[in-house]
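K.L.:
coordinates only, sequence not included:
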């Protein structure tokens, strides 16, 4: 079992990664001084709750905690204002007060939704993350929480750091293969932006990762979280460096938005986006081998690397213009220089991005 | 003209109080380094916009700013999730980015709504307050922003400090008398919790305040803001001291909630609540003259000091149980010891509060 501290001054928090942590949740709650007088609200989804909710509530109840739960439908559609309102209603009706916490048991959608509820309920109460997907190793570090607006993803949100993250790798064993790959896309991303050796390690251990071998998985998750924690510690509110974590996301978010949230898994969309970013990198001077290298790394994790031809380029470009990274009239793009190294480029002309989108379609 | 700095480390901000500031808004924007490339969204209401919106947009446009506006209906009902969603839609459609700001031109409702939109749009952008009511001298200090949930007031929100507050006392001259009195309730509250001399000054200058004499008003607003700023600087996120600002609010919020938001003005409801708090104080040992003194101060500002008999005590008690100050099973109450001095008491039994509610009805 490993423990990682995300260093953020008085908002620092630990991430515990290991097997069987769900059954020890009550012990961790007690160690972190959570209130036994106030109720705690677990948010989970219809896929995750049947598998793990009882284990979690049993452990918490055994340690003397009052626990309520609210189950949302699986999928990105639950990151809506109407589901958010339901969560707040559950919190009020359950009598949550300022010493209560909201606990996310699930993947990124549940974490983002529960986290924004915790950030905004009574102007902010404690938030605890219990991620059950590989993808969530990314979203559980850094405190970005939020919901979608019909016009654009993650438009409504906050920075709200969790109190504690419990990452029980046993909960990953039931993930369907497509979600495993999509989750590994973010893990590999951390290698692509920061650490070429880790990127290559991901490729070398691709089979073990895809087979969910616990020790390999634990190492990969800890390494991925550690890279993200290092970046976030240096730039909590994304004024500069932190933007490198968005590699592949400008194109990726646009793909998700126009294909309908949920058609592509987030990791699949950013996989295609990262290939696009490599193409952009080459157009801006990187070695031409970068595209093929990037593609090969992603393919080893069984991720898509091309855009479906039927996606309309104009619609995709339009969706990108609504992206949060579209600042003061120019697109900010994270551009790879080589594997493990990226730079943040502002004023990337839309015409160049359009060329990359076309190229991404040709490769299908 | 006076300038007050709210000291909050790297979130410190100035409050400028004076006549004719609306016409100089562009100059203040420039001085504070607001972006001229990104659009700024003014939120105002149907009462305020016809009077002051043009003056503000003209001043900003004259200084080279791109300005959009969104007008909501006047009144507490606009502090809803659905109006909040409309504001976010306007922000997205208007192309607001991370260098944009949301500007509140209006009273507390507009400030709370616009502030929460600024706090949560793209995880937080800049927020500028241009209060046009006396009451807003209170809400423009301290960064509490938020909206209502059908089950309870201000349940959804954030702490989001403004970048800048421009308080143009000329905009107060059009306030209807009832709103003037209600606004002065919060001004007097700052005296009641912190400064007996200021409380007595409010009574001595009641006629000038009610007549909106600019110099007297400026002094009162600056003094009220200064007391609040002192309290907030010591406890930004309401972990302790800041709770004294809630004098009269536990009963007051309950009155507002059950009478239907808007039936009582906020200041009227807390006026009654402050009399109730004085009654509680006497029951807990304060000098019996405290009730009459408090009542006399409030009445000099033409504020209500008794509860309508038709308000149901059980319903009122029920509404208090949902209040945010109901923590871990006991009610926290701000209890006056004398004029200018209060203490925060936890574990106030509900039965005692019920007695006070009954007494507040008898006095009608």
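P.N.:
Looks like it arrived, so ask away. Bear in mind that the values here come from a model prediction, so they are computed numbers and not experimental data.
K.L.:
The lengthiest helix in chain A: which residues count as buried?
P.N.:
Counting by DSSP state H, the longest helix found in chain A is helix A:214-234. Residues of helix A:214-234 classed as buried: A:216-233 (neighbour count, 16 or more other CB atoms under 10 Å in any protein chain shown). In this view, the C-beta of every residue, glycine as well, is placed from N, C-alpha and C.
K.L.:
what mean pLDDT does it have?
P.N.:
Averaging pLDDT along helix A:214-234 gives 93.
K.L.:
how much distance is there from that helix to the middle of the chain?
P.N.:
13 Å (CA atoms, centre = their mean, to the nearest Å).
K.L.:
residues making contact with it?
P.N.:
The contact list for helix A:214-234 (CB atoms under 8 Å, 6 or more residues apart in numbering or on different chains) reads A:2, A:4-8, A:15, A:17-19, A:134, A:137-138, A:140-143, A:167, A:169-170, A:172, A:184, A:186-187, A:190-191, A:193-195, A:198, A:201-202, A:205, A:208-209, A:241-242, A:244-245.
K.L.:
Can I have the buried ones of these as a ChimeraX selection?
P.N.:
To isolate the buried members of the contacts of helix A:214-234 in ChimeraX, using 16+ other CB under 10 Å:
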select /A:4,6,8,15,17,18,19,134,137,138,140,141,142,143,167,169,170,172,184,186,187,190,191,193,194,195,198,201,202,205,209,242,244,245
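K.L.:
Next, check the contacts of helix A:214-234 against the strands and list the overlap.
P.N.:
A:2, A:4-6, A:15, A:17-18, A:167 (DSSP state E).
K.L.:
Which two among these are spaced furthest apart?
P.N.:
For the ones in strands among the contacts of helix A:214-234, the farthest-apart pair by CB to CB is A:6 and A:18; their separation is 16.8 Å.
K.L.:
And the helices in the stretch 101-250 of chain A?
P.N.:
Ranges of helices in the stretch 101-250 of chain A, per DSSP state H, counting those that start in this stretch, are A:108-120, A:136-139, A:177-194, A:196-204, A:206-210, A:214-234, A:249-258.
K.L.:
okay, these in a markdown table with distance to residue A:47 next?
P.N.:
As requested, the helices of the stretch 101-250 of chain A are exported to a markdown table (distance: least, CB to CB, whole Å):
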| stretch | distance to residue A:47 |
| --- | --- |
| helix A:108-120 | 10 |
| helix A:136-139 | 13 |
| helix A:177-194 | 10 |
| helix A:196-204 | 26 |
| helix A:206-210 | 20 |
| helix A:214-234 | 20 |
| helix A:249-258 | 19 |
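K.L.:
May I ask which helix or strand of chain A has the lowest mean pLDDT?
P.N.:
Taking mean pLDDT, DSSP states H and E as the measure, chain A has strand A:326-327 as its least confident helix or strand, at a mean of 55.
K.L.:
how far is the helix or strand just after that one from where the chain is centred?
P.N.:
Downstream of strand A:326-327, the next assigned helix or strand under DSSP states H and E is strand A:330-338. Its chain's C-alpha centre and that of strand A:330-338 lie 20 Å apart, by CA atoms, centre = their mean.
K.L.:
ok, now stretch A:271-279?
P.N.:
Worked out by CA atoms, centre = their mean, stretch A:271-279 lies 18 Å from the chain centre.
K.L.:
Pull out the buried residues from that stretch.
P.N.:
A:271-279.
K.L.:
Setting aside sequence neighbours, what's the nearest residue to the spatially most central residue of chain A?
P.N.:
Geometric centre of chain A, nearest residue: residue A:139, 3.2 Å, by CA atoms, centre = their mean. Nearest non-adjacent residue to residue A:139, counting by CB to CB, 6 or more residues apart in numbering or on different chains: residue A:108, 4.4 Å away.
K.L.:
Tell me, how many residues neighbour that neighbour?
P.N.:
24 (other CB atoms under 10 Å in any protein chain shown).
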